[in-house]
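Colleague: Predicted model follows, preceded by the sequence.
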Amino acid sequence: MKAAVGDRLLVHANTVGERDRIGVIMEVQGSNGGPPYMVRFDDGHNRLVFPGPDAVVVPK
């Protein structure tokens, strides 16, 4: 997985009734665009994310 600052990270919900989480990548801490990423989610929280197979990077 590769990302750049400004790309969006979409994390699909893995439980029925949960919403997908969407955030903007604020910082790429891995080498060559790799994880981990500092992400500001739509709920206003910033989190360090190591995306799993349920996550997709949407280029800006």
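Modeller: Structure's in. What do you need?
Colleague: Centroid-nearest residue for this structure?
Modeller: The residue at the geometric middle of the chain, judged as the C-alpha nearest the mean C-alpha position with C-alpha atoms, centre = their mean, is Leu9 (3.2 Å).
Colleague: gap between stretch 30-45 and the chain center?
Modeller: Here the centre of mass of C-alpha atoms in stretch 30-45, compared against the chain's by C-alpha atoms, centre = their mean, to the nearest Å, lies 5 Å away.
Colleague: Need the per-residue pLDDT for Thr15.
Modeller: On the pLDDT scale, Thr15 is placed at 88.
Colleague: Check the burial of the closest residue to Arg19 other than its chain neighbours by counting its neighbours.
Modeller: Counting by C-beta to C-beta, 6 or more residues apart in numbering, Ala13 is the residue found nearest to Arg19 once chain neighbours are left out, at 5.9 Å. Where you see a C-beta, it was placed from the backbone N, CA and C, and this is true even at glycine. Burial of Ala13 is recorded as 11 neighbouring residues (other C-beta atoms under 10 Å).
Colleague: Tell me who's in contact with the residue nearest to the centre of the chain.
Modeller: With contact taken as C-beta atoms under 8 Å, 6 or more residues apart in numbering, Leu9 is in contact with 3, 22-25, 37, 39, 49, 51, 55-58.
Colleague: The same query, at a cut-off of 7 Å, please.
Modeller: With C-beta atoms under 7 Å, 6 or more residues apart in numbering as the criterion, the residues that contact Leu9 are Gly23, Ile25, Tyr37, Val39, Val49, Pro51, Ala55, Val57.
Colleague: go on, Gly33?
Modeller: If you count contacts by C-beta under 7 Å, 6+ apart, then Gly33 has Lys2, Ala3, Ala4 around it.
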